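> Sequence and predicted structure, then a few things I'm wondering about:
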Amino acid sequence: MREDVADALRLAWPMALTQLGQVAMMTTDLILLGRLGDQMVAAVALANTILFAAFTIGMGLVSAVAPLASQAFGAREPRMVRRALRVGLWAVLFMGLPLTLAQLWGDRILVLLGQSPDVAALAGRYLAGLCWSLMPAWGFMALRNFMSSVNRPEPALWITLVAIPANGVLAYLFIHGGLGVPAMDVFGAGLASSIVSAATFLAALVVCWTRRPFRKYHILGRFWRPDWVLMRQLVIVGAPISGAFMLEFGAFATAALMMGRLGTTALAAHQITLQTASILWMVPFGISLAATVRVGHAVGRRDVEAARRAGFAALAIGAVFMAVMTLVVAVLRHWIPIAFLGASAATATETVALAAFLLALSTSFFIADGLQTIAAGALRGLNDTRVPLLFAALAFWPIGMFAGFELAFDAGFGAAGVWIGLSLGLVVQAVLLVTRFHILTRRGVLPEAPHARH
């Protein structure tokens, strides 16, 4: 097990840092736009909600590149590795254009959902620049999954580390103007993100085409040749992943609406707690990507014991990390809200106090969220995504959301009730997913993968 943990760490750390890099770019945009006023921040939040709903649809399909390519790598079928990436990039093309164009109607969608026309108009302007990031972001994810499947995730991290300052400089220039570039405020921030997203995709494509060990796979070879057999497999594995992401995303969006009913203080404290959880979640998400790859490699070798060890090694790493982070957050719970609120913290004492209480309450939330994320990644390595989708439907809605609503409003627990419901849903999801991985690997259940023919 010690060797499995070491191997998992070697693969997981660059993947986790890459995820944190993505958060850093989003945070940079929010900080820069936050200086333009509260209304701008609200507009960005609404625009990101619209974009993320579309992003999640394709995220599941490109996520399926990782198990399919990893299984082929483990089986020593390099053509199959290339095929897995090829159908992932085809999925980006098929879904990208209509979903990108749909973002241009984001302001109208927000008005129909009851948002202020003024804020919706600002959100629409931001989306007009940001929507073009959708396809290159998916493409970069597919290429990153390919890199990881052949045990070389580091180039994606180096590209992301370069993209972080580039995004900050370009966003500042496009927002405020300078060097001959006109000031474009919120549209400029979205456009900068799209340009950087396209650049990261192209950089990853060049690396995969020209650098070892990737170039031996000839990733663009026969790119235009249809591969409907593997495309069907990609959809079978990937569509339930998208569904599970949507169910989880919908649960947290509903929780925010519940908090809105409880008042501005509750909503602000919820957002601080949730943002803290989101940052921490990026590390177990990176570990889950590593779990998908390592379990997939073992599946390709038809080694069920190795698959089992790989999954539980990843779970052990995630449990230790999230336990440590839980203690850190518990100790710093009074300072974290002040860091988010800055100078306004002195006049928002109720928000600071409630956020500190919610952060203390979220102990089980952090650990359960990390475990369910990693267990889902390990199951993807087994191509097991449909049953986890059913688990998500059960855990997040009839259990998590129902309990949260009852505790918040009928039982009078308020904001704490919503978080207790979220924690309960995540605990149930974690137990179900870990138990399923245990049962499948104990029984020796491995998926059959299509053989390379193209």
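Everything's here; your move.

> just checking, G400 touches A430?
No: with contacts defined as Cβ atoms under 8 Å, G400 does not count as touching A430, sitting 11.9 Å away. In this view, the C-beta of every residue, glycine as well, is placed from N, C-alpha and C.

> Which of these two has more residues huddled nearby?
Legend: neighbour count by other Cβ atoms under 10 Å for G400 and A430, higher for G400 (29 against 25).

> so who does that one touch?
Listed by Cβ atoms under 8 Å, 6 or more residues apart in numbering, the contact set of G400 reads 251, 421-422, 424-426, 428.

> Any idea how many residues pack against the residue lying closest to it once chain neighbours are set aside?
Using Cβ to Cβ, 6 or more residues apart in numbering and skipping residues adjacent in sequence, the residue nearest G400 is G425, 2.2 Å away. Residues lying near G425 (other Cβ under 10 Å) number 29.

> Mind giving me the packing neighbours of the host helix or strand of G425?
Applying DSSP states H and E as the criterion places G425 in helix 415-443. Contacts defined by 3 or more Cβ pairs under 8 Å, 6 or more residues apart in numbering; DSSP states H and E place helix 415-443 against helix 228-262, helix 264-300, helix 304-332, helix 349-361, helix 363-381, helix 386-394, helix 402-405.

> same thing but 6 Å
If you count contacts as 3 or more Cβ pairs under 6 Å, 6 or more residues apart in numbering; DSSP states H and E, helix 415-443 packs onto helix 228-262, helix 304-332, helix 349-361, helix 363-381, helix 402-405.

> Any stretches of the chain with poor pLDDT?
For the chain, the stretches flagged by pLDDT under 70 are 1, 30-31, 33-42, 115, 264, 340-348, 448-454.

> so what are the domain limits for it?
As assigned by automatic domain parsing, the chain contains the domains 9-226, 239-449.

> Adding distance to E3, write those out as CSV.
Listed next are the domains of the chain as CSV, based on distance: least, Cβ to Cβ, whole Å:
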stretch, distance to E3
domain 9-226, 11
domain 239-449, 9
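
> Out of these, flag the one nearest R2.
Nearest to R2 among those is domain 239-449 (9.0 Å), distances taken as Cβ to Cβ.

> What is the distance between the closest one and the centre of its chain?
Per Cα atoms, centre = their mean, to the nearest Å, the displacement of domain 239-449 from the mean C-alpha position of its chain is 12 Å.

> One more: stretch 23-30?
Centre-to-centre, stretch 23-30 and its host chain are 14 Å apart (Cα atoms, centre = their mean).

> cool, stretch 11-23 as well?
On Cα atoms, centre = their mean, the centre of stretch 11-23 falls 11 Å from the chain's centre.

> buried sites along it?
Buried residues in stretch 11-23, counted by 16 or more other Cβ atoms under 10 Å: 11-22.

> Please identify the helix or strand for the nearest residue to G221 once chain neighbours are set aside.
Counting by Cβ to Cβ, 6+ apart, G221 lies nearest to R82, which is 6.6 Å off, once chain neighbours are set aside. Using DSSP H and E, R82 falls within helix 78-102.

> Skip the chain neighbours and tell me the closest residue to M184.
Nearest one to M184, counting by Cβ to Cβ, 6+ apart, is F174 at 5.2 Å.

> got the angle for whatever helix or strand the one you found lives in vs helix 264-300?
F174 is part of helix 154-176 when elements are defined by DSSP H and E. Orientation check (axes from the mean of the first three to the mean of the last three Cα atoms, to 10 degrees): helix 154-176 against helix 264-300 gives 150 degrees.

> Report the buried residues of the following helix or strand past helix 154-176.
Remark: after helix 154-176, the chain's next helix or strand is helix 185-210, criterion DSSP H and E. By neighbour count with 16+ other Cβ under 10 Å, helix 185-210 contains the buried residues 185-201, 203-205, 207-208.

> and if you look at stretch 301-311?
Buried, per 16+ other Cβ under 10 Å, within stretch 301-311: 301, 304, 306-311.

> now stretch 310-327
Buried-residue list, stretch 310-327, by 16+ other Cβ under 10 Å: 310-319, 321-322, 325-326.

> ditto for stretch 358-370
For stretch 358-370, burial by neighbour count (16+ other Cβ under 10 Å) applies to 358-359, 361-370.

> quick one: which of those residues is nearest A53?
Distances from A53 to the buried residues of stretch 358-370, taken by Cβ to Cβ, are shortest for D369, at 20.3 Å.

> now the angle from the helix holding G425 to helix 386-394?
Relative orientation of helix 415-443 versus helix 386-394 (the same axes, to 10 degrees): 160 degrees.

> Other residues contacting the helix or strand containing N145?
Here N145 sits within helix 134-149, counting by DSSP H and E. Defining contact as Cβ atoms under 6 Å, 6 or more residues apart in numbering, one finds that helix 134-149 is touched by 58, 62, 65-66, 69-70, 73, 85, 88-89, 92, 96, 100, 153, 155-156, 197-198, 200-201, 204, 208, 293.

> how far out from the middle of the chain is it?
Here helix 134-149 is found 13 Å from its chain centre; the criterion is Cα atoms, centre = their mean.

> So for that helix, what gets flagged as buried?
134-149.

> what does stretch 267-275 give?
Neighbour counts over stretch 267-275 (16+ other Cβ under 10 Å) mark 267-274 as buried.

> What of stretch 84-103?
Under the neighbour-count criterion of 16+ other Cβ under 10 Å, stretch 84-103 has 84-92, 95-96, 99-100, 102-103 buried.

> I appreciate the help and will end here.
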